[in-house]
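K.L.:
Quick one: sequence and predicted model below, then my questions.
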Amino acid sequence: MYHSMNRWIITLLAFVFALGVKAQGVEYTKEDSALVVKLLKEAKTERGTQNRVLYFGKEFWGLPYVAHTLELGDTEHLIVNLHGLDCTTFVETVVALSMCDKQDKRSFDDYCKNLTKIRFREGKMTDYTSRLHYFTWWAEDNERLGIVEDIAPQAAPWGAFTAVQTININYMSTHPTLYKQLKNHPDFVAPIKKYEQATNGRKFRYIPKTNLQWSQSTDLGVIHDGDIVAMLTDSDGLDTRHIGIAFWKNGRLHLLHASSLYKKVLMSEETFYEYEMKQQKHTGIRVFRFKD
């Protein structure tokens, strides 16, 4: 009886770890935590002088695209998933790893602390409304925390940043049934709407997508390898439709991103300009640099 019970407990634990671990508000798998430590340890000797964001971004080349990985359970908690990424979780994962490498902190706990700081308003996780759902929220919050900076010029001449985006977001509050947590918790809609309204009307300079055909030797060269790029839209109550990481190849700008079309993380062979001209609802890009 005792040995049978022991075997049952061991089998149950093995099953739990195969599914994932949820401890102290963090959900992850053994493989995810081991990969974080492995990547950070290797970076110490292998990154050299490479841009941190681009270095870690390339480490996920070929990884499957998986959407909605943060919508697990009914209570907001930190979800760590490195075996399937969408465009947002890809960038967040890479920035959190870059922060750890910059700080020379290489434990899984260090990574979780940085990911929390990046993903939630003022770096504090409370409930679903504390997550930075819109990119404008994400960018402003991470700028305030000194993690990234908007590289758009603050005064003329504007260079490649020849257009202005006026924020008008309301998609979440007007489509609550499309979001699991808002559908299950209608009381979350009002705070989300309040945050949306507080953001609306703000103006930011951006690079129109037609300017992305410029070469690296022009004003577009202000973009560096590893810069975070947000692809903007002016419709549907949204501010952005996609995000990724910029890199230069043969004097032309390209995009490293988690692609929903190709179902994986890839370094696009087509130029960023060619990619953007296929996206009818995209208007241009904002550009942010990890503060190294």
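P.N.:
Structure received. Residues are numbered from 1 along each chain as shown.
K.L.:
CA only for contacts and neighbour counts going forward, please
P.N.:
OK.
K.L.:
quick one: strands adjacent to the lengthiest strand in the chain?
P.N.:
Of all segments of type strand in the chain, defined using DSSP state E, the longest is strand 240-249. Counting by DSSP bridges, the strands paired with strand 240-249 are strand 228-232 (antiparallel), strand 252-259 (antiparallel).
K.L.:
TSV please, covering those strands and showing mean neighbour count.
P.N.:
Shown next, in TSV, are these (neighbours: other Cα atoms under 10 Å):
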stretch	mean neighbour count
strand 228-232	24
strand 252-259	25
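K.L.:
Ok, which of those strands comes nearest residue 239?
P.N.:
Ranking those by proximity to residue 239 (Cα to Cα) places strand 228-232 first, at 5.8 Å.
K.L.:
Can you show me the CA trace of the closest one as CSV?
P.N.:
The C-alpha coordinates for strand 228-232 follow below in CSV (Å, rounded to 0.1, in the frame of the first residue of the first chain):
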residue,chain,number,x,y,z
ILE,A,228,11.8,47.8,-31.1
VAL,A,229,9.3,48.8,-33.8
ALA,A,230,5.5,49.2,-33.4
MET,A,231,3.4,49.1,-36.6
LEU,A,232,0.7,51.7,-36.3
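K.L.:
and that strand, average pLDDT?
P.N.:
Across strand 228-232, the average pLDDT comes to 98.
K.L.:
Need the residues that contact that strand.
P.N.:
Strand 228-232 is contacted from outside by 91, 135, 239-246, 282-290, using Cα atoms under 8 Å, 6 or more residues apart in numbering.
K.L.:
just the buried members of those residues?
P.N.:
Buried members of the contacts of strand 228-232, scored by 16 or more other Cα atoms under 10 Å, are 91, 135, 239-246, 282-290.
K.L.:
Can you give me the buried ones in stretch 198-214?
P.N.:
Quick answer for stretch 198-214 (16+ other Cα under 10 Å): 199, 204-209, 211-214.
K.L.:
rewinding a little: out of the strands paired with strand 240-249, nearest to residue 27?
P.N.:
strand 252-259 (21.5 Å).
K.L.:
Narrow the buried residues of stretch 198-214 to those in helices?
P.N.:
Judged by DSSP state H, helices contain the following of those: residue 199.
K.L.:
Poorly predicted segments of this structure, please.
P.N.:
1-24 (pLDDT under 70).
K.L.:
repeat that with 50
P.N.:
1-20, 23 (pLDDT under 50).
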